[in-house]
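Q: Let me see the structure of the following:
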Amino acid sequence: MLQKPEHMPKKKRTAADNPLLQWLPEHSAFLDEIIRLEGYGSEGTLFKCRCGTDNTIHLYHCRDCFGVKMVCQTCVVHHHLSNPPHRIDMWNSDFFESITLKALGLHVQLSHTPGQHCYNAQQVSCDEFMVIDAHSIHDVAVDFCRCETAQIHYKQLLQAQWFPATTTDPQTAATFSVLELFHLLSFEIESFSKALRQHGNLTNQEWCHILQLMCTGRGHDPNGIEATPDGRCVVQCLACPHPGINIPDGWENSPPDISDDCDPSLNSGWAYFMEERAYKQFLSECSTEWQERSTCVSHNAVNTADTKASQGLAATGVGSVVCAHHEMRLPNSVGDLQKGEKYINMDYLVFSVLVSFGLAVFNLSYDIACQWHKKLWSRNSMMPQRLQFDHENKTVHFFVPKFHLKAHIQSCQTTFLFNFSKWVGWMDGEAPERGWADINRVATSMREMGPGNCCDMLNDHFGDWNWKKITMLGWTLLRKLKKAAATARAHHEELAELEGAINASTLALWQADVEAWEENNTKPNPFESRVVSMTQAMVRLEFAECERRDLQDGIDWSLHAEISPSMLIADGLELEDQQRQLHADRKTSSQNPTDNQKAKIQMCSNALQRKLDAWVQVQILYMPAVAPLHIRAQHNDSPQDEMPEDFILFLPLQLNATTPCNLLLCQIEWQLSYAQANDTLNNVHQNVRLHAHLNTFKTLHIHGQQASTCACSALDLAEAKKCGSRLKYEAACVALDNLRDQLGMVGWRDTFWLLNVTDMRSMGDAGSAGQSEGRCDIPWIWKAPGVLHNNDVEEFSLLIEEMQRVLAFFHWEMAQWKERGTARSFTKDTDHEGSLAYAQYQISVQEGLVMHFSMLWRDTLSTVVSELDLVPEINTEVANDQMPSLEGPPLEGDDE
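A: Sure, this is the predicted structure:
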């Protein structure tokens, strides 16, 4: 029997056990060498071309062929007769730019050997043929063969290992290699990913790190890579304000509006992720801090943070701070969450971002801002010294994203709503959620990564996200500008109409309250209702108090020992409501009800009939004139056909002018009906919210036939409640309308409007096609007294300013690259040439974006500015010469 030795010899560790740590000291040399390749090259690359001439200008090299040899145009075309889907770069005396082999004169002749001439060639229709390859989509000049032995066109493509997109006059094809790769990925994506992780993951991490350093100009820093400041390796948001870059000087004086040692990160706080060591040290020091529970709704992010399962996990998630208006990741804004979304994690991330911006006003949006902001400044005093935020000299506004706000209590929905604050435009605060939707696809790949590799991978993806946002800023800002211009005039006219219907002194008072609250949020919120609605319970209490005082004075109007006049009318209105409910139950019952359903309805009917009989006996005491009306109604209807829900109560509102009735009873019914209209309108609000919540929950979370059926039943019940509350509201309005002439009551229609089906929708729901939150009209049931902000004009003004910032940031970035190109000193001319060439390449990219954006904005901007005369405060001219004016760049050609 074999026995296990007592002492197993330890495996000797070598440098190969930690290849990343071995490579890290050399990353600067790697960066310099790769940047050198951006230049024209050394003498070693200028070999004699295959054409044999010495005086040929060597301007071209291929990115897909082996080596970096520079060749002439004739040689590059001849060499690629058998490789037409290769990528060619041309030296333009400053840097390499892409050029197609088609532009250099390469023609692919099908059905012949490469280089052989066809005397009966046929050019592709319109001379446009696209070839899809693994690394790009190529525009290739293709000639078909029309010789006697030539095959049909799609067969000629197949013989060249190009798969045609159609059999009739093909103009697009895919190489066999890219189709094989796609086929492999579609069936073996898991094993393929594992193979890449095992063989190429480390190299890929290093390669992405080098590219990140190159694109952010760190290879051009005379002080070397190690001098990189925190947050410098990010793609910054161009449209956000950056002091000294895209906003003029003196702006602040304007009026206020696994083991890290084994798998370290290569960025070390230079990009989007925090510097891990300082971050984790702070968390360990504050790990015992107690987190208060939510006093709003039950926020799982707060209440369950300490209970989240985290055993065996280095992190349970990732927290991030995002530019809410442009959805871009910010420097040093991302960090791991070790045990749920705790305040100490999010505080560290938020203050890391705030201290890096030299601005005076900040708008912070967070799902749980109502709880998180309460002791934020006291927690800030616990932060490291470098993260101490001078909030006393800043203006900070807190918001809750619009989609999440509906789950909060009512007071939060007015205090933290974007629509009630100025200079936020159409911002909804949901930018982080859209960002997570993009990055969630890499979550599976990150599960088995070490902390450093995971951090670098997310940095790389965040940079890609930001760069895509920048390249699309032109279209994004243009689209938003068109929408804002299209709705600004309509909403401005609606606001003017609303203000015109309000007394001038009252309007001025409301406006003063709103402006005071905007300047100081500690003052009373003008958007919170200050009117206490009259309810049926309050009216009943008031009548009971009046009866108590009358009894004390020796006055008793009651004709019944237990039922007073007010109780009689109140019970009558309640019986009316029960009649409507029973009628709805009969209508919604199935066509073939079961015995249980029939028994339930019949029992309700019998109980209602007994209540009606007892009530009529008391009614005759107070209203003797209705006795013959009840007798006449019984004679008209046979007893077996009469249903309790069809019984006429003959309340004061149902009596004609010839039937006498005590005026006191009419006044009681008026007040109770008015209160019923108020109560029912509140029920309409609740039922509309309930229906909207159930519908949203069903759309997001319900899947499968059984669950969908249950959800539809719940929605049907909510819809029935909506319809029932609408019928009750209409009945109350009918009573008010019938009693108004007798009692001389006027003006009640100013409060209780006609309730249509289209009015029974949520405040943020569109009333018609093409509307969305912030741009839709508000149903009258949600309108309250106050001053409405014209968010369309605000959005328009913000977009104008953001366009100015974008162009200014591009010019600043070009100036930075111009300085970087000559910042370092090199011993070799080839290194200097590569550094200068890469800087010129980056400048050309920025210039191209400036020209592209200016062309996009020119015509649209001039049109909307001339049409929107209702926006006099928009200033499209900038005093600072360094700031581009929108009347300059987009309109005259000087300069999302």
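
Q: which ones are touching Asp460?
A: Cys208, Gln212 (C-beta atoms under 8 Å, 6 or more residues apart in numbering). For glycine as for every other residue, the C-beta is placed from the backbone atoms N, C-alpha and C.

Q: any idea which helix or strand comes after the helix or strand hosting it?
A: Asp460 is part of helix 451-471, with elements assigned from DSSP states H and E. As assigned by DSSP H and E, the chain's next helix or strand after helix 451-471 is helix 473-500.

Q: the inter-axis angle of that following helix versus helix 451-471?
A: 70 degrees (axes from the mean of the first three to the mean of the last three C-alpha atoms, to 10 degrees).

Q: Neighbours of the residue lying closest to Ile245 once chain neighbours are set aside, how many?
A: Spatial nearest neighbour of Ile245, excluding adjacent residues (C-beta to C-beta, 6 or more residues apart in numbering): Trp812 at 4.6 Å. Residues lying near Trp812 (other C-beta atoms under 10 Å) number 16.

Q: what about the host helix or strand of Trp812, distance to the chain center?
A: Element membership for Trp812, per DSSP H and E: helix 791-821. Computed by C-alpha atoms, centre = their mean, to the nearest Å, the chain-centroid distance of helix 791-821 equals 22 Å.

Q: Which element is encountered next along the chain beyond it?
A: helix 829-867.

Q: Report the inter-axis angle for that next one versus helix 473-500.
A: Per the same axes, to 10 degrees, the angle that helix 829-867 makes with helix 473-500 is 30 degrees.

Q: ok, and Phe697, which helix or strand is that part of?
A: Phe697 is part of helix 663-701, with elements assigned from DSSP H and E.

Q: which other helices and strands contact whatever helix or strand comes next after that helix?
A: Toward the C-terminus, helix 663-701 is succeeded by helix 705-743 as the next helix or strand (DSSP H and E). Counting contacts by 3 or more C-beta pairs under 8 Å, 6 or more residues apart in numbering; DSSP states H and E, helix 705-743 is packed against helix 565-588, helix 663-701.

Q: what about the stretch 651-800 of the chain, any weak spots by pLDDT?
A: Scanning the stretch 651-800 of the chain for pLDDT under 70 picks out the ranges 746-750, 763-793.

Q: let's see 80
A: 653-654, 656-658, 662, 670, 676-708, 711, 714-715, 717-718, 720-721, 735-797 (pLDDT under 80).

Q: All the strands of the chain, residue numbers only.
A: For the chain, the strands defined by DSSP state E occupy 60-62, 88-91, 96-99, 107-109, 121-123, 130-132, 137-139, 141-145, 162-164, 172-175, 317-322, 329-337, 361-365, 395-399.

Q: so who does Cys145 touch?
A: By C-beta under 8 Å, 6+ apart, the residues touching Cys145 are Gln109, Leu110, Ser111, His112, Cys118, Asn120, Ala121, Gln122, Gln156.

Q: Bridged to it, which residues?
A: Ala121 (DSSP bridges).

Q: Distance of it relative to Gly105?
A: Separation of Cys145 from Gly105 (C-beta to C-beta, to the nearest Å): 19 Å.

Q: again with Phe398
A: Distance from Phe398 to Gly105, by C-beta to C-beta: 63 Å.

Q: out of those two, which sits in the more crowded spot?
A: Remark: of Phe398 and Gly105, Phe398 carries more neighbours, 19 against 11, as counted by other C-beta under 10 Å.

Q: partners of the more buried one in the sheet?
A: Applying DSSP bridges, one finds that Phe398 bridges with Leu364.

Q: who's in contact with it?
A: Leu364, Ser365, Tyr366, Ala369, Cys370, His373, Phe416.

Q: What is the neighbour count of the closest residue to Glu289 other than its chain neighbours?
A: Spatial nearest neighbour of Glu289, excluding adjacent residues (C-beta to C-beta, 6+ apart): Ile344 at 6.0 Å. Ile344 has 18 neighbouring residues, counting by other C-beta under 10 Å.

Q: Just the CA atoms of stretch 596-614, as CSV, please.
A: The C-alpha coordinates for stretch 596-614 follow below in CSV (Å, rounded to 0.1, in the frame of the first residue of the first chain):
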residue,chain,number,x,y,z
ASN,A,596,-70.4,29.2,-7.0
GLN,A,597,-70.3,32.4,-9.1
LYS,A,598,-74.0,32.5,-9.4
ALA,A,599,-74.4,32.0,-5.6
LYS,A,600,-71.9,34.7,-4.8
ILE,A,601,-73.7,37.3,-7.0
GLN,A,602,-77.1,36.3,-5.7
MET,A,603,-76.0,36.7,-2.1
CYS,A,604,-74.6,40.2,-2.8
SER,A,605,-77.9,41.0,-4.6
ASN,A,606,-80.0,39.8,-1.6
ALA,A,607,-77.9,41.8,0.9
LEU,A,608,-78.2,44.9,-1.2
GLN,A,609,-82.0,44.5,-1.5
ARG,A,610,-82.3,44.3,2.3
LYS,A,611,-80.2,47.4,2.7
LEU,A,612,-82.4,49.2,0.1
ASP,A,613,-85.6,48.3,1.9
ALA,A,614,-84.3,49.5,5.2
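
Q: Could you pull out the buried residues of that stretch?
A: By 16 or more other C-beta atoms under 10 Å, the buried positions in stretch 596-614 come out as Cys604, Leu608, Leu612.

Q: Next, the contact list for the last one, please.
A: This points to Leu612. Each residue near Leu612 by C-beta under 8 Å, 6+ apart is listed here: Leu575, Pro644, Phe647, Leu649.

Q: give the contact list for the second one.
A: Neighbouring residues of Pro644 by C-beta under 8 Å, 6+ apart: Gln579, Leu582, Ser605, Leu608, Gln609, Leu612.

Q: can you count the residues close to the second one?
A: Going back to what we said before, that points to Leu582. Other residues close to Leu582 by other C-beta under 10 Å number 19.

Q: where does Tyr366 fall, phi/psi-wise?
A: Main-chain dihedrals, Tyr366, degrees, to the nearest 10: phi -150, psi 140.

Q: Roughly how far does the nearest residue to it once chain neighbours are set aside sit from Leu387?
A: Among residues not flanking Tyr366 along the chain, Trp372 sits closest, at 5.6 Å (C-beta to C-beta, 6+ apart). To Leu387, Trp372 is 16 Å away according to C-beta to C-beta.

Q: do the same with Arg740
A: Computed as C-beta to C-beta, the Arg740 to Leu387 distance reads 65 Å.

Q: between these two, which one's more packed in?
A: Neighbour totals were compared for Arg740 and Leu387, and Leu387 leads with 18 against 15 (other C-beta under 10 Å).

Q: surely the more buried one meets Tyr348?
A: Yes. The pair Leu387 / Tyr348 is scored as a contact, 7.1 Å apart, by C-beta atoms under 8 Å.

Q: circling back to that earlier point, go through the buried residues of stretch 596-614 and flag which are in helices.
A: Among the buried residues of stretch 596-614, the ones falling in helices (DSSP state H) are Cys604, Leu608, Leu612.
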